[in-house]
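A.B. asks: need coordinates for the following:
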Amino acid sequence: MTPLDLKTLSTAVQENAAAFRCKRTLQPAGGPGTKVFPPTYAGAVYAEEKRKLPGREQPVPCVLLDSVQSQANRMEEALQQAIDSGRMKLPLIEVDFSGADLLEKIDKITSLQAPHRIADAILRDSEENGVMFPASESGKALGAASAANATPLFKLCPTALVFGMWDSTGLKGGLGAKFERAVVSEIVGIDYEKGEKNRGVRRDPLEASKAVLVKGSRLDWKVADAGAAKGTMRPSEINHGSVPFDNPNGGCTIASAEQTITLSLIALRRLRFPVNGTPTPQIDGAARTVLAALALCAATLAAENGLDLRSRCLLWPDSHMGWELLAKPGQPPETFTLDGPGAIKLLNDAVAHAATLGLKWLDKPITLKPSKQLTELVRKSQEVLAKTGGEGED
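C.D. replies: Next up, the predicted model:
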């Protein structure tokens with residue numbers, strides 16, 4: 001396979017290539033047949049379905065192991081880690097909580113970590129130079145963004161153009177800027193067989209007896225008087241005693257798992273990037289190439305981080321990561337390799353080329369401060385969690 005370079009990427013973006021695609025077969029790290037645990041959704045259920053697969057006459061039972069949204073979060077996390085380690089730079093907007101009066105200190109939350117990226121309520125409810133973000137210079141730039149004018153987001157938060165965004169809670173409400181995902185990834189378990197139950201016991205080395213009744217709160221309790229019946233509770237209610245558990249979600253076994261990543265070059269070609277009010281084919285092409293390189297970089301760095309999806313769901317790929325370019329219908333796709341250092345270089349080269357055409361992005365973070373209301377919300381929420389042990393109301 002040939003390493004992917006900037007010329008090949010730029011040509012693919014600017015001509016009529018449809019997409020880059022990566023497909024990998026995965027197995028549980030414990031080996032084929034080892035149980036894995038999918039995520040649970042509303043009602044404590046797995047996302048099950050049957051799929052038509054090549055070479056199989058009948059639909060095959062499958063289960064979702066990692067969703068599109070979760071995969072996007074893992075890619076953004078990989079980018080954030082690369083930034084934090086000094087491997088690369090990206091435009092970021094960060095909310096600095098370091099001076100806030102909180103029970104549990106929070107340092108910074110960036111547009112790579114906020115659930116809705118630059119359109120997240122954490123940024124919306126923070127201030128830039130004493131001005132609420134939506135009314136600030138950066139916030140107004142977000143409000144002016146659209147598919148016909150993606151330049152503000154390119155400069156402030158290019159990942160929003162790659163992973164998608166909808167500024168539905170900003171000044172324009174439902175009419176706020178909306179961008180579709182250009183890169184989509186998911187991991188699915190194939191030939192899925194659900195386990196019966198997940199049973200076990202959390203063993204208490206002190207062996208606190210059920211016969212020893214206690215009363216009070218989790219952090220302020222005492223042994224009940226002999227014969228007491230009222231105001232007592234089980235040792236397990238203050239996290240003492242051996243606790244058996246019987247969970248209907250017993251994991252599953254799979255024949256294999258499949259990860260599919262697709263980067264739509266068609267979606268990127270819908271975006272325009274005017275400079276000084278005027279778009280040009282050269283600048284549009286350069287900006288789209290940057291975004292394609294960013295998406296490939298995010299996916300590659302996330303793959304290097306591994307596939308430890310959650311407790312008891314560690315997957316291992318059967319082969320190296322490769323990218324197929326879907327360039328022309330009816331022709332076999334050309335395959336390319338791309339590793340972490342190569343992906344970062346590819347992105348840096350694309351950014352440098354766009355800069356020569358007058359399209360530059362910010363090389364330093366924009367720092368916001370949480371508003372008084374937001375700080376109070378976080379502090380009150382921490383107080384509730386401290387008292388309830390995480391059992392507060394939603």
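A.B. asks: can you tell me the element the most centrally placed residue in the chain falls in?
C.D. replies: Centroid-nearest residue in the chain, with Cα atoms, centre = their mean: residue 73, separated by 0.6 Å. Per DSSP states H and E, residue 73 falls inside helix 68-84.
A.B. asks: distance of the residue nearest to the centre of the chain relative to residue 96?
C.D. replies: 22 Å (Cβ to Cβ, to the nearest Å). Just so you know, the C-beta spots here come from the backbone N, C-alpha and C atoms, and that holds for glycine as well.
A.B. asks: thinking again about what came up before, any idea how far residue 266 is from the residue nearest to the centre of the chain?
C.D. replies: In this view, residue 73 and residue 266 are 24 Å apart by Cβ to Cβ.
A.B. asks: then residue 26?
C.D. replies: Using Cβ to Cβ, residue 26 is found at 28 Å from residue 266.
A.B. asks: of these two, which one has the most company?
C.D. replies: More neighbours surround residue 26 than the other of residue 26 and residue 266, with 23 against 11 (other Cβ atoms under 10 Å).
A.B. asks: for the more buried one, give me its contacts.
C.D. replies: Listed by Cβ atoms under 8 Å, 6 or more residues apart in numbering, the contact set of residue 26 reads 187, 256-259, 307, 315-318.
A.B. asks: so which of the residues you listed wins on neighbours?
C.D. replies: residue 257 (27 neighbours).
A.B. asks: my guess is that one contacts residue 317. True?
C.D. replies: No: counting by Cβ atoms under 8 Å, residue 257 stays clear of residue 317, with 9.4 Å between them.
A.B. asks: overlap in contacts, the two.
C.D. replies: 25-26.
A.B. asks: ok, residue 33 - contacts?
C.D. replies: By Cβ under 8 Å, 6+ apart, the residues touching residue 33 are residue 253.
A.B. asks: next, it: phi, psi?
C.D. replies: Dihedral pair for residue 33: phi 90, psi -10, per degrees, to the nearest 10.
A.B. asks: any idea how far it is from residue 27?
C.D. replies: According to Cβ to Cβ, residue 33 stands 9 Å off from residue 27.
A.B. asks: now do the strand or helix carrying residue 353: which elements does it pack against?
C.D. replies: Per DSSP H and E: residue 353 is located in helix 340-356. In this structure, helix 340-356 packs against helix 6-14, helix 281-305, with contacts taken as 3 or more Cβ pairs under 8 Å, 6 or more residues apart in numbering; DSSP states H and E.
A.B. asks: any idea which of the ones you listed is most buried?
C.D. replies: Sort these by mean neighbour count, taking mean count of other Cβ atoms under 10 Å, and helix 281-305 sits at the top with a mean of 24.
A.B. asks: where does the chain dip in pLDDT?
C.D. replies: 197-202, 207, 209-218, 226-231, 242-248, 389-394 (pLDDT under 70).
A.B. asks: now the helices for it?
C.D. replies: Listed in chain order, the helices found in the chain under DSSP state H are 6-14, 68-84, 121-124, 137-143, 151-156, 159-163, 265-269, 281-305, 340-356, 372-388.
A.B. asks: quick one: which of those is nearest residue 250?
C.D. replies: helix 68-84 (21.3 Å; Cβ to Cβ).
A.B. asks: residues of that closest one that come out buried?
C.D. replies: Within helix 68-84, the residues scored as buried using 16 or more other Cβ atoms under 10 Å are 68, 70-83.
A.B. asks: repeat for stretch 121-137
C.D. replies: Result for stretch 121-137 [16+ other Cβ under 10 Å]: buried residues 122-128, 133-134, 136.
A.B. asks: which of those residues lies closest to residue 160?
C.D. replies: Closest to residue 160, out of all of the buried residues of stretch 121-137 and judged by Cβ to Cβ, is residue 123, at 11.3 Å.
A.B. asks: once you drop chain neighbours, what's closest to residue 306?
C.D. replies: Nearest residue to residue 306, sequence neighbours excluded (Cβ to Cβ, 6 or more residues apart in numbering): residue 314, at 7.8 Å.
A.B. asks: repeat for residue 127
C.D. replies: Spatially, and ignoring its direct neighbours in sequence, residue 127 is nearest to residue 369 (5.2 Å; Cβ to Cβ, 6+ apart).
A.B. asks: residues touching that neighbour, list them.
C.D. replies: 95-96, 99, 126-127.
A.B. asks: kindly report the same for residue 155.
C.D. replies: Taking Cβ under 8 Å, 6+ apart, one finds 91, 141, 360-362 in contact with residue 155.
A.B. asks: tell me the spacing between it and residue 142.
C.D. replies: Plainly put, residue 155 is 11 Å away from residue 142 if you go by Cβ to Cβ.
A.B. asks: what pairs with the closest residue to residue 342 other than its chain neighbours across the strands?
C.D. replies: Nearest non-adjacent residue to residue 342, counting by Cβ to Cβ, 6+ apart: residue 3, 6.1 Å away. Note on residue 3: beta-bridge partners by DSSP bridges are residue 337.
A.B. asks: how long is stretch 329-341 from one end to the other?
C.D. replies: 31 Å (Cα to Cα, to the nearest Å).
A.B. asks: kindly reformat the helices of the chain as CSV and extend each row with distance to residue 191.
C.D. replies: As requested, these are arranged in CSV below (distance: least, Cβ to Cβ, whole Å):
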stretch, distance to residue 191
helix 6-14, 34
helix 68-84, 21
helix 121-124, 41
helix 137-143, 45
helix 151-156, 41
helix 159-163, 30
helix 265-269, 32
helix 281-305, 24
helix 340-356, 32
helix 372-388, 41
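A.B. asks: nearest to residue 180, out of the ones you listed?
C.D. replies: Using Cβ to Cβ, the nearest of the helices of the chain to residue 180 is helix 265-269, at 5.8 Å.
A.B. asks: what's in contact with that closest one?
C.D. replies: For helix 265-269, the external contacting residues (Cβ under 8 Å, 6+ apart) are 12-13, 17-20, 161, 180-182, 288, 291-292.
A.B. asks: closest one of those to residue 274?
C.D. replies: Closest approach between the contacts of helix 265-269 and residue 274, by Cβ to Cβ: residue 288, at 13.6 Å.
A.B. asks: isn't the closest one right up against residue 12?
C.D. replies: No: with contact defined as Cβ under 8 Å, residue 288 does not count as touching residue 12 (10.1 Å).
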